[in-house]
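1. Sequence plus the predicted model coming up.
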Amino acid sequence: MDIPFKFKIQEKIKSSFVNEFQDEMVDYSEYFFTTKMMNTVSEDLMIPITENRDIIMEFNSFDNNARIYMDTLDYYQNSICKEDVNGNIYIEESFEPIILYKNSSTNSSNTDYYPFVPGTYQIYVTCGNEKYYAYIKVNPKQITDVELGIMREEIEEMIENLAHMLVSNESSTKMDKELENKESISSQLLILAQNCNKIIPIVNEINLTPRSKVINHYQLEDSSKARIIDQETVKHRLKQMDVKKRLLVPKRLITRNLPENQVLVEIVRYLKKVTRTAIHYIEQLIPHIEYDTNRLSGGKYPRPENERTIYLKQIESLRENRLKMKKLYNAFNFLLQSDWVKEVSGISSNAVGLHLDGRYRFLHQISRELKNTKQTIQLNADFSYRWKRTDKLYEMWGFIKLLKALQSPTLNFKPIKGWIYDDKEIFTTWQVPLLEEGTTISLQGAGNKTINLVYDKPISYDRKTTTFDDPLYSRFPNNRPDTRIDFYENDIYEASFIIDFKYRPATAIGNLGVSDYHSEWKAYKQLLHYSKFDSEFVSKSKDYIVPDKISRNKTPIAGVWVIFPNSINNNKNNKEIVKKDWLTKVPYSPGEDSEKIENLIFEALKYEMFI
């Protein structure tokens, strides 16, 4: 097909501390088609780019009115974007290179650039009276697509579970009726329990025989080997004579990446989420009812036996429903982990096949019924920005993993204030507030031990402004670690651990050694500066006053941990924690269990004699 424009991409292929692009622009003009092919185009025909790498585009044509439209183009800096009469964002053709994204480290101006979120994006060019379609595949830089999905799901699940636990604890002091009025989970539970025997067989059947479609996937083939020739083959031959005498011939493939399957996957994810919430609701409610049951049978004037029997039957019913919910959860989870689901990508709002198939229609109706009764905890809308930056997502995911690890049976610290634990509006708005920069969560452990878990808060450069609750100061440029853990025992400040989350390869972090400080390892210099934080409050109590002269105390920094994903470009076998002197390197990717983090904290506290 004769494409009347040029579309080229140049991508920075080395790490951010090296100013070097690949040698030449790559021409992707032949990746454009005159028809939409989202359900048929294979990944090798998608234009590949990598998140967080500098991207330069060349888009030019002899038609001065040529335009390129991209999904989510409104995220980018306005200087390259315009708006048409329908409110759609586009970029004009230009014989000058166009910067789509530029890292802050290589950006000499004050222009803000917002990177593509990993995923598949449709783009199209209007040139003359024709539209030409193509797809861009944005790949995560340091993790796989599967790991990215796991990380997003884990963040949402962990935050909701923390909030539900808080709400359940608060509600457990109130009467059952009041608890039930606070959330309509009981209504959702009833809907799921009543339809459990229908849902599970349907989910299992769809898993075995999902809707599919036979498609023609066109590829160039030697004319002597061509077996099937159709109208598209003839059109291609007439428009473009191949000197190698190849023909564009169809190859029959079965695809499950259909609009109705895209919608189905979202429905099942939603049903899984509601089922998980219902299980948690039951597990929180049973002890509350058991307490009331025991209270009825005790005291000077015990209540009638028939009233106690009602409570016992309620507990039995809840246990039966918990078993049903677990069976539903397993069925949903099994479907989502199936191989055919991995073929399904994108989200469709127009899925006619959803209503043509009774199985799909039933699950769709169930999900709509659940949503009509839903009043569960939601994430604040501001969280959506974090979803656009995988590096920020990894940082938030790591912080919440630390918070969960501290609450595990191994460590057994209980949150007492900070973030959702201070926000009483969560009981009325049912919305988790944004994890703001500078958030501090206090946790109480056994033996009058306390931890302050601090998120993304600058360390003061002024020694005199430090306090017992904010005890560190810095004399070096790098003063903003992603997270820190401050330890207190018997109301005495003891030490801190500094944690940084690096969404980059281990090789870009640097190695131990004096020479590294003078090298180009910017990340290593940053971590080294963190290890030099100081404090006047080591072994001091809350009433201590910072003196005018610097005191000679022992270092407050018990260690610096750098946590990074097992990069898809790194050796997969290298997953062990490496500790040398003050620096501990922790490879940790989405999908790994929490044991590694729990043991890391446990051993650190054990060494510092806090446990």
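-> Good, I have the coordinates.

2. Distance check, residue 464 against residue 556.
-> Here residue 464 is placed at a distance of 16 Å from residue 556 (Cβ to Cβ, to the nearest Å). All C-beta spots, glycine's among them, are computed from the backbone N, C-alpha and C.

3. Looking at those two, which is more packed in?
-> residue 556 (23 against 10; other Cβ atoms under 10 Å).

4. residue contacts, the residue lying closest to the more buried one once chain neighbours are set aside?
-> Distances taken as Cβ to Cβ, 6 or more residues apart in numbering place residue 535 nearest to residue 556, at 4.0 Å, with adjacent residues excluded. Shown in contact with residue 535 (Cβ atoms under 8 Å, 6 or more residues apart in numbering): 466, 471-473, 493, 496, 553, 556.

5. Can you tell me the centre-most residue of this structure?
-> residue 152 (2.4 Å; Cα atoms, centre = their mean).

6. what about it, is that helix, strand or coil?
-> helix (DSSP: H, G, I helix; E, B strand; the rest coil).

7. next one: residue 372
-> Secondary structure state of residue 372, per three-state DSSP, is helix.

8. So what pairs up with the nearest residue to residue 421 once chain neighbours are set aside in the strands?
-> Excluding the flanking residues, the one nearest residue 421 by Cβ to Cβ, 6+ apart is residue 415, at 4.8 Å. Bridge pairing for residue 415 (DSSP bridges) gives the partners residue 443.

9. likewise residue 68?
-> Beta-bridge partners of residue 68, as defined by DSSP bridges: residue 91, residue 125.

10. That one touches residue 127, doesn't it?
-> No. Residue 68 lies out of contact with residue 127 (Cβ atoms under 8 Å); the separation is 9.2 Å.

11. Output the longest helix belonging to the protein.
-> Longest helix in the chain, counting residues (DSSP state H): helix 259-297.

12. about what we covered before: what's the closest of the contacts of residue 535 to residue 589?
-> Among the contacts of residue 535, residue 496 lies closest to residue 589 (Cβ to Cβ), at 25.9 Å.

13. Name the helix or strand of this protein that has the lowest mean pLDDT.
-> One helix or strand of the chain scores below all others by mean pLDDT, DSSP states H and E: helix 176-182, with a mean of 41.

14. Let's have the contacts of residue 535 in CSV, adding secondary structure, pLDDT and distance to residue 392.
-> Converted to CSV, these look like this (DSSP: H, G, I helix; E, B strand; the rest coil; pLDDT from 0 to 100; distance: Cβ to Cβ, whole Å):
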residue, secondary structure, pLDDT, distance to residue 392
466, coil, 95, 28
471, coil, 96, 27
472, strand, 96, 23
473, strand, 96, 26
493, strand, 95, 30
496, strand, 96, 23
553, coil, 76, 35
556, coil, 95, 28
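
15. ok, the residues you listed vs residue 597, which is closest?
-> Ranked by distance to residue 597 (Cβ to Cβ), the contacts of residue 535 are led by residue 496 at 17.3 Å.

16. Quickly find the element holding the residue nearest to the closest one when sequence neighbours are not counted.
-> Excluding the flanking residues, the one nearest residue 496 by Cβ to Cβ, 6+ apart is residue 486, at 4.9 Å. Per DSSP states H and E: residue 486 is located in strand 483-489.

17. ok, now residue 98?
-> Using DSSP H and E, residue 98 falls within strand 94-101.

18. For that strand, which strands pair with it and how are they oriented?
-> When pairing is defined by DSSP bridges, strand 94-101 lines up against strand 55-61 (antiparallel).

19. Which residues does the partner strand contact?
-> Residues contacting strand 55-61 (Cβ under 8 Å, 6+ apart): 4-12, 21, 25, 49, 66, 68, 91, 93-95, 97-101, 116, 125, 127.

20. Next: stretch 595-608.
-> Residues from elsewhere that reach stretch 595-608 (Cβ under 8 Å, 6+ apart): 401-402, 405-406, 408, 410-411, 485, 487, 494-495, 497, 558-559, 561, 577, 584, 586, 588, 611.

21. For PyMOL, write a command that selects the buried ones of the residues you listed.
-> One line in PyMOL is enough to select the buried ones among the contacts of stretch 595-608; burial here means 16 or more other Cβ atoms under 10 Å:
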select buried, resi 401+402+405+406+411+485+487+494+495+497+558+559+561+577+584+586+588+611
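
22. Take the contacts of stretch 595-608 and keep only those in strands.
-> Counting by DSSP state E, the part of the contacts of stretch 595-608 found in strands is 485, 487, 494-495, 497, 558-559, 561, 584, 586.

23. burial of the nearest residue to residue 290 once chain neighbours are set aside, as a residue count?
-> Excluding the flanking residues, the one nearest residue 290 by Cβ to Cβ, 6+ apart is residue 315, at 6.4 Å. Residues near residue 315, counting by other Cβ under 10 Å, number 15.

24. Where does residue 315 sit, in terms of helix or strand?
-> Taking DSSP H and E as the definition, one finds residue 315 inside helix 305-336.

25. buried set for that helix?
-> 308, 311, 314, 318, 321-322, 324-325, 328-329, 331-332, 335-336.

26. ok, residue 204 touching residue 331?
-> Yes. Assessed by Cβ under 8 Å, residue 204 is found in contact with residue 331 at 6.4 Å.

27. hmm, back to that, which residues does the residue nearest to residue 496 contact?
-> Neighbouring residues of residue 486 by Cβ under 8 Å, 6+ apart: 451-452, 454, 471-472, 493, 495-496.

28. what's the burial count for residue 259?
-> By the criterion of other Cβ under 10 Å, residue 259 has 20 neighbours.

29. shaky segments in the stretch 251-400 of the chain?
-> Applying pLDDT under 70 to the stretch 251-400 of the chain flags residues 291-311, 346-351, 373-388.

30. Quick check: mean pLDDT of the strand holding residue 486?
-> Averaged over strand 483-489, pLDDT sits at 95.

31. do the same with stretch 27-36
-> 85.

32. Just the CA coordinates for that stretch, please, in CSV.
-> Extracted C-alpha coordinates of stretch 27-36, given in CSV (Å, rounded to 0.1, in the frame of the first residue of the first chain):
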residue,chain,number,x,y,z
ASP,A,27,10.5,4.3,9.6
TYR,A,28,7.1,2.8,10.7
SER,A,29,5.1,4.2,7.8
GLU,A,30,4.3,0.7,6.5
TYR,A,31,2.6,-0.2,9.8
PHE,A,32,-0.4,1.9,8.9
PHE,A,33,-3.6,0.5,7.3
THR,A,34,-6.7,2.0,5.9
THR,A,35,-9.0,-0.1,8.1
LYS,A,36,-9.1,-0.6,11.8
